[in-house]
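next come a sequence and a model predicted from it.
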Amino acid sequence: MTQATIQSTRLTLRAYAPSDQGDVQSLANEPLVFRHLHAPEVPVRAADAAEHIFSLRDSALLHPGFGTWRISTHTGSFLGEAFLEPVPGCSFIHFGGILLPRAWGRGYALEATAALFEYSFTHLGVDAIAAITHIENRAAASCNRLCGMQPFRNFSYFGTPVTAHVLTHHRWRQWRVHLVAADCATNVRKLLRLARGSASDPRPEPHTAPLRPAPCQP
């Protein structure tokens, strides 16, 4: 089973190809991207990028349907990446993503996240999606809320304070109509009002296994 290519109004999400080494390097070597993440200890070289791409392809083969997606405009302009990975023994999957600074503030994160959530619930049949972000990463937390996720709990992950957000399949079905309307980030203000209004909602339904953070995506 090959990794699915996903398209939204403005974006194409696909698996990395060997020719994408330069994209991997530009993302991994951008300091602003890793303000709230574990940055590579040394600059990523072309050989490192090539090895990383092959490791992602092997992982996608091991876990069909999951993987890391290269995010670009339909014309091919590279913007960043996002991933979906199973968490052994848990009823949810782990989601995360990063974008280059030139892609910030344009609704791309919201659009890519909404597209991957649609794919996860309709094609993978998952029960819930969890995202784990640095507690000071307000942009990521905002995107999570705009996509219907709810705060689950704060905890320390190897000494780093993080927040877990969760989106259940039940809540996604309720929230999906708003995500579709915001596909091009045209309805972000309405989503913000809805997200703020849902802050007092009950905690997400309990999961069959405890929430455990998965390793950070390089």
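Received it, and whenever you're ready, just let me know what you need. Numbering: from 1, shown residues only.

buried ones in stretch 103-110, by neighbour count?
When burial is assessed from 16 or more other C-beta atoms under 10 Å, stretch 103-110 yields the following buried residues: Ala103, Gly107, Tyr108, Ala109, Leu110. For glycine as for every other residue, the C-beta is placed from the backbone atoms N, C-alpha and C.

same deal with stretch 85-100?
The neighbour-count check on stretch 85-100 (16+ other C-beta under 10 Å) flags Glu85, Pro86, Cys90, Phe92, Ile93, His94, Phe95, Gly96, Gly97, Ile98, Leu99, Leu100 as buried.

how about TSV for those, with pLDDT added?
Compiled in TSV, those are given as follows (pLDDT from 0 to 100):
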residue	pLDDT
Glu85	95
Pro86	93
Cys90	83
Phe92	89
Ile93	95
His94	94
Phe95	95
Gly96	93
Gly97	93
Ile98	92
Leu99	94
Leu100	95
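
hey, which helix is longest across this structure?
In the chain, taking DSSP state H as the definition, the longest helix is helix 46-62.

convert the helix or strand following that one to PDB, retaining C-alpha atoms only.
On the C-terminal side of helix 46-62, the nearest following helix or strand under DSSP states H and E is strand 67-73. Coordinates of each C-alpha in strand 67-73 appear next as PDB, following Å, rounded to 0.1, in the frame of the first residue of the first chain:
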ATOM      1  CA  GLY A  67       3.600   8.400   7.400                       C
ATOM      2  CA  THR A  68       5.100  11.800   6.900                       C
ATOM      3  CA  TRP A  69       3.700  14.100   4.200                       C
ATOM      4  CA  ARG A  70       5.500  16.800   2.300                       C
ATOM      5  CA  ILE A  71       3.300  19.900   2.200                       C
ATOM      6  CA  SER A  72       3.400  22.100  -0.800                       C
ATOM      7  CA  THR A  73       1.200  24.400  -2.900                       C
END
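
among the buried residues of stretch 103-110, which ones are in helices?
Restricting these to those inside helices, with DSSP H as the criterion, leaves Tyr108, Ala109, Leu110.
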